[in-house]
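Novice: Okay, predicted coordinates and the sequence, questions at the end:
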Amino acid sequence: MKAYLANGLFSVGDRYVNETLAQQLRTAIPTLDLYVPQENPAINDKAAFATSEAIAQADTEALRASDVLIAVLDGIEIDSGVAAEIGLFSTLERPIIGVFTDVRQQGRTHPDKLAILQQDATENQFVYRNLFVVGLIKQRGVIVDSLAQAVTIVQQHAKEWENASI
């Protein structure tokens with residue numbers, strides 16, 4: 001099975017999450033062929049040069065060849081590249097796993113958080129994700145709140161894929 005890991009890749013934090021999730025996926029599913037854009041030096045060695053067209057071509061080819069997309073949704077907003085990758089991949093009608101670990105998801109039923117939100121929208125204790133992008137993910141898959149859950153879901157898809165290939 002082929003998978004594509006989408007996330008920002010320019011900050012130390014994003015690169016660390018990518019490395020960690022990629023390692024967990026590869027350990028849990030040794031047969032997984034995982035594409036991680038930051039591991040492609042032809043387009044992402046920032047000391048070198050790649051045109052926007054070369055980047056788009058390489059990542060689009062990897063997306064089209066993938067059976068599943070794992071997309072990290074963390075950050076102030078969903079990374080614009082990740083949103084584009086989700087959009088493109090959704091047209092392929094294959095599973096998408098969103099990974100959203102933001103701690104502001106906790107306490108969603110806390111009465112004080114709900115009450116203050118109703119009184120004053122600027123006191124929003126929660127987090128917003130673009131609903132169009134969220135909808136594309138939900139049409140094809142699921143959003144989980146931990147790396148471990150993402151690995152478990154990909155394992156399930158790998159088993160289904162292997163059974164279908166037999």
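Specialist: That came in fine, so what should we check first? Numbering: from 1, shown residues only.

Novice: doesn't R94 make contact with I137?
Specialist: No. Using Cβ atoms under 8 Å, I137 makes no contact with R94, being 11.8 Å away. Where you see a C-beta, it was placed from the backbone N, CA and C, and this is true even at glycine.

Novice: Between these two, which has more neighbouring residues?
Specialist: I137 (23 against 17; other Cβ atoms under 10 Å).

Novice: Check which helix or strand the more buried one maps to.
Specialist: Using DSSP states H and E, I137 sits in helix 131-140.

Novice: Report all helices and strands that that helix contacts.
Specialist: helix 80-90, strand 96-99 (3 or more Cβ pairs under 8 Å, 6 or more residues apart in numbering; DSSP states H and E).

Novice: Identify whichever of those lies nearest to V17.
Specialist: When the helices and strands packed on helix 131-140 are compared by Cβ to Cβ, strand 96-99 sits nearest V17, at 8.6 Å.

Novice: Quick one: list the elements packing against the closest one.
Specialist: Against strand 96-99 (3+ Cβ pairs under 8 Å, 6+ apart) you get strand 68-72, helix 80-90, helix 131-140, strand 142-144, helix 147-165.

Novice: Flag every buried residue along stretch 155-165.
Specialist: 157-158, 161 (16 or more other Cβ atoms under 10 Å).

Novice: got a markdown table for the residues you listed, with distance to L117 and pLDDT too?
Specialist: As requested, these are exported to a markdown table (distance: Cβ to Cβ, whole Å; pLDDT from 0 to 100):
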| residue | distance to L117 | pLDDT |
| --- | --- | --- |
| H157 | 36 | 86 |
| A158 | 40 | 88 |
| W161 | 42 | 79 |
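
Novice: hmm, back to that, what's the angle from the helix holding I137 to strand 68-72?
Specialist: 150 degrees (axes from the mean of the first three to the mean of the last three Cα atoms, to 10 degrees).

Novice: which outside residues touch the lowest-mean-pLDDT helix or strand in the chain?
Specialist: When each helix and strand of the chain is scored by mean pLDDT, DSSP states H and E, helix 41-44 comes last, with a mean of 80. Residues outside helix 41-44 that contact it (Cβ atoms under 8 Å, 6 or more residues apart in numbering) are 9, 37-38, 48, 50, 54-55, 58-59.

Novice: who's in contact with the residue of the chain most remote from its centre?
Specialist: Residue farthest from the centre of the chain, counting by Cα atoms, centre = their mean, is Q119 at 33.6 Å. By Cβ under 8 Å, 6+ apart, Q119 lies in contact with nothing.
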